[in-house]
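everything below, folded, please.
(one chain, ligands or ions: 2)
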Amino acid sequence: MTTWVHDFGDGDKDQKDLLGGKGANLAEMTNLGLPVPPGFTITTEACRAYLGAGGEVPGLVDEVSSHLADLERAMGRSLGDGDDPLLVSVRSGAKFSMPGMMETVLNVGLNDESVHGLARRSDNARFAWDSYRRLVQMFGATVMHVDGELFSRALDEAKRDKGTESDLDLDADDFQRLVETFKSVVRTETGRDFPQEPREQLELAIRAVFDSWNTDRARLYRRQERIPEDLGTAVNVQAMVFGNFGMDSGSGVAFTRDPASGEQGVYGDYLQNAQGEDVVAGIRNTVSLADMAEIDRRSHDELLDIMARLERHYRDMCDIEFTVERGKLWMLQTRVGKRTPEAAFRIAVHMVDEGLIEMDEAVLRVTGDQLAQLMFPRFDASSERSLLATGMNASPGAAVGKAVFDSDTAVEWAEAGEDVILVRKETNPDDLRGMVAARGILTSRGGKTSHAAVVARGMGRTCVCGAESLDVDSSAKQFTVRGGETVREGDVISIDGTTGEVFAGAVPVADSVVVRHFEGEKLDDDLAHAVARIMAHADGARRLRVRANADTPEDAARARRFGAQGIGLCRTEHMFLGERRTLVEKLIVAEGDDGQEAALQGLLPLQRQDFTEILEAMDGLPVTIRLLDPPLHEFLPDLTDLSVDVALAEERGEVDEHARTLLTHVRRLHEQNPMLGLRGVRLGIQIPGLFRMQARAIAEAAADRKAAHGTPRPEIMVPLVASVRELQIVRNEIDRVIAEVEEDRGVKLDIAVGTMIELPRAAFLADRIAKTADFFSFGTNDLTQMAWGFSRDDVESAFFSRYFEHGIFDVSPFESLDQLGVGGMVEMGTTKGRETRPDLKVGVCGEHGGDPLSVHFFDRVGLNYVSCSPFRVPVARLEAGRSVL
Ligand code: PEP
Ligand code: MG
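Residues are numbered from 1 along each chain as shown. Ligands and ions are numbered 1, 2, ... in the order given. The predicted structure is shown next:
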């Protein structure tokens, strides 16, 4: 038969699944011989049975009775006894800490009779009545669902009547009157009396804790923290010890190191004459542990001894709740403490130096997400701010600047030395210049994989997207916030890409020392040293290589400084914008081969220069250049805008032949569904000269680099391939061009030609495709889009929130790889590809290449490398190391 209840002595810290975090650690401390008030834990299994069976768990009541009897024997008192009552606390404790999300009831066992017994035995009537009113208050709020405000108000009134602000000035009579008031609040609000029977109190409190697993706020918290829904909580029933006995008693919380900075040395708060919840609720000012030493040296010293012991035992920073009852210290809780990213890195490395852990473990104790957070500049948390709106936290960081509403102004003002924030409804590839120039990007539409978000993350630029309460009016150069406030061009705003918040005015910002370290600055900074050591160890351990997605020499150089081992994706579409657009337009509209050829000849030297610079920045390392991918319409004017312009011009009797011709072609190329349209390899087949020109530019750039004694290692990648024949056709052309350049220049170039796998069909036919491809790179952005049938540009803002609510997935598949579906295709494609070509080099270059969980997956299925934006390179390096440790 299942055992639903375990005594504290009967368990250990590794049983968090069954006993919850709090129960497992109480068991561990009990077994260490620390002063823990005795008690027992009702398991998470019991909670699951309770929630599953609608409230009945066979045998649970009897087991609780028998453990309660043991507890009563051990304490020499019985629950709620009129003469000398045993009181217990009933606390929730899930496997993962969910601070403040679930219920706790203290002082269970007090009633109209036992309160007198407690007063007599403790010789402290004030304490007894204060404890009783706390029970009615907590029980009323958590078990009987009375609005807690009603109790707080009554307490405030009692203080006001007494002419004081502190509960310390209330005496036994005041508390006795409060108990009556509280009881009548319960009666009025629920139509029932506060239960006097101690066993009934206990039973109801246990049920309330179980039920609290399913409150809205607990569910919401679990969703945010990605805690599974079906774990349930344990319930800890423990003999009460009292911090509210008088000034020789108190409660406190402490950390064995500073959880904010990671600094060595204990850190904590103590409050005299108080129970646990008073410390956190901030009802009176707490004192530091150093001051506690002045108040009660013995308890303080014992506490510090125990903290040192716990840290050695857990080999990690612990947080602790304790109570002092009339000079005797009791430990109520411990656990491995939560900490900021900075503290995580510093503590891990300090503990290596103290001989507590090995370097392998230090690397496992930090995460890529923490590293990413450390890399972004931050707003100074202590400063004042005025919140305008909240959108999606698309690309972290803190940016301050003048609001501008178009790219031209962004570039112009930035060149004049201004910091600007580019504000748009949504961005398109044309906004790139403005995005590069801006400190941050704010949009009112679009999700985390919208153009603005992807490009901003790629550049490491702060971005808040989809702030829907903003009404952005680009022509009036202003936005209005729902509710009224208007921000005009030139007004300063601050955006926080880590939280999605938008503030009016300038919030002060601090630079990241971690980025300064990666950039090569020599810093005498403990955090920078800690990060350096962890990164060096992760690099030594990892199998997976890390490349960067970069398409400018600057990005390539930065990626290299950040540790990239090459470029895994150099997108070429950005090289066709700006002034080069007219050439691209010519290329598209040119009727005859001559016009097309002329446009291509115009583009060739420009492309050659692009590639030469990138190959130089990545000299000696592989650079995978992807041939042009996006649908052609992205390079042409918008159909509606152009139609209107032409119509208006004709109305005025003007004839603009160029605009007319352009309009014909825009119409011809207009696609209802451009993401499934003329793009990728299809472009190469439709306009063969285009890929030939790009291949030539790459080959000639490589030849130039060789002539300059460099070591160019370009690789040519063909996008959106679905059939072997598509790849064969363009590959033949590419190979021919490379051979021509080799012949002309008299050099051997060794340029590998491979393909992206970003369509399900390609994954299925990977064994055949590998015959024609020297390498594969999984484009998991498109592969996710095509596998789910989700438009990557629209879907997140459209309906993903519903999908999260229903638990269809708990994170966007565009953000973290859908390992089952899309991951299955990656694994299959890799296996099949290597059946044909055992040495096939396989990488991934979708956004997932920089996502921690996805990196672990790619490592497991045997990819050679991941490629991600320069700012994610350190994150991927760290996670690739953690994956093998
Ligand atoms: C992809 O589809 O995953 C990819 C890297 O290509 P892009 O994002 O440019 O479509
Ligand atoms: Mg793609």
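
contacts only, for the residue lying closest to residue 718 once chain neighbours are set aside.
Closest residue to residue 718 apart from its sequence neighbours, by C-beta to C-beta, 6 or more residues apart in numbering: residue 755 at 4.8 Å. For every residue, glycine as well, the C-beta is placed using N, CA and C. If a contact means C-beta atoms under 8 Å, 6 or more residues apart in numbering, then residue 755 has 717, 718, 719, 721, 727, 762, 769, 772, 773, 775, 776, 777 as its contacts.

can you redo the residues you listed as a markdown table with neighbour count, distance to residue 679 and pLDDT?
Below are the contacts of residue 755 laid out as a markdown table (neighbours: other C-beta atoms under 10 Å; distance: C-beta to C-beta, whole Å; pLDDT from 0 to 100):
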| residue | neighbour count | distance to residue 679 | pLDDT |
| --- | --- | --- | --- |
| 717 | 27 | 14 | 98 |
| 718 | 24 | 12 | 98 |
| 719 | 25 | 8 | 98 |
| 721 | 29 | 12 | 98 |
| 727 | 24 | 15 | 98 |
| 762 | 29 | 14 | 98 |
| 769 | 28 | 18 | 98 |
| 772 | 22 | 20 | 97 |
| 773 | 28 | 19 | 98 |
| 775 | 24 | 21 | 98 |
| 776 | 30 | 19 | 98 |
| 777 | 31 | 17 | 98 |
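
among those, which are in strands?
Judged by DSSP state E, strands contain the following of these: 717, 718, 775, 776, 777.

state the pLDDT value of whatever residue of the stretch 51-200 of the chain ends up closest to ligand 2.
Per C-beta to the ion, residue 96 is where the stretch 51-200 of the chain lies closest to ligand 2, at 36.3 Å. Listed pLDDT for residue 96 reads 89.

wouldn't it be in contact with residue 221 here?
No - if you go by C-beta atoms under 8 Å, residue 96 and residue 221 don't touch, sitting 9.8 Å apart.

ok so the residue nearest to residue 718 is a strand residue?
Yes - counting by DSSP: H, G, I helix; E, B strand; the rest coil, residue 755 is part of a strand.

pLDDT at it, what is it?
98.

overlap in contacts, residue 96 and residue 221.
Shared contacts of residue 96 and residue 221, counting by C-beta under 8 Å, 6+ apart, come down to residue 227.

hang on, the earlier thing: ligand 1 versus the residue of the stretch 51-200 of the chain closest to ligand 2, what's the distance?
33 Å (C-beta to the nearest ligand atom, to the nearest Å).

apart from its chain neighbours, what residue comes closest to that residue?
residue 227 (5.0 Å).

burial measure for the one you found, as a count.
18 (other C-beta atoms under 10 Å).

you'd agree it is in a helix?
No - Residue 227 sits outside any helix when classified using three-state DSSP, being coil.

just to revisit the earlier point, show me the contacts for the residue of the stretch 51-200 of the chain closest to ligand 2.
21, 225, 227, 231.

same deal with residue 367?
So residue 367 contacts 344, 852, 878, 879, 882 (C-beta under 8 Å, 6+ apart).

what about it, distance to residue 856?
Note on residue 367: its distance to residue 856, by C-beta to C-beta, to the nearest Å, is 11 Å.

spit out the residues that contact these two alike.
879, 882.

closest to residue 104 out of the contacts of residue 755?
Among the contacts of residue 755, residue 777 lies closest to residue 104 (C-beta to C-beta), at 52.6 Å.

pick out whichever of the contacts of residue 367 sits closest to residue 558.
residue 878 (17.5 Å).

just checking, what packs against the helix or strand where that closest one lies?
Residue 878 belongs to helix 873-884 when elements are defined using DSSP states H and E. When contacts are defined as 3 or more C-beta pairs under 8 Å, 6 or more residues apart in numbering; DSSP states H and E, helix 873-884 sits against helix 359-364, helix 368-375, helix 526-541, strand 545-549, helix 852-860, strand 865-868.

close to ligand 2, is the shortest one?
No - with C-beta under 5 Å from the ion as the measure, strand 865-868 is seen stopping short of ligand 2, the closest distance being 12.5 Å.

which residues touch that strand?
544-549, 565-569, 624, 777, 841, 843-845, 847-850, 854-855, 858, 875-876, 880.

okay, that strand in PDB with CA atoms only?
What follows is strand 865-868, C-alpha atoms only, in PDB (Å, rounded to 0.1, in the frame of the first residue of the first chain):
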ATOM      1  CA  TYR A 865      28.000  22.800 -35.400                       C
ATOM      2  CA  VAL A 866      25.400  25.300 -34.500                       C
ATOM      3  CA  SER A 867      25.300  28.800 -35.900                       C
ATOM      4  CA  CYS A 868      23.700  31.700 -34.200                       C
END
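
now it: buried residues?
865, 866, 867, 868 (16 or more other C-beta atoms under 10 Å).
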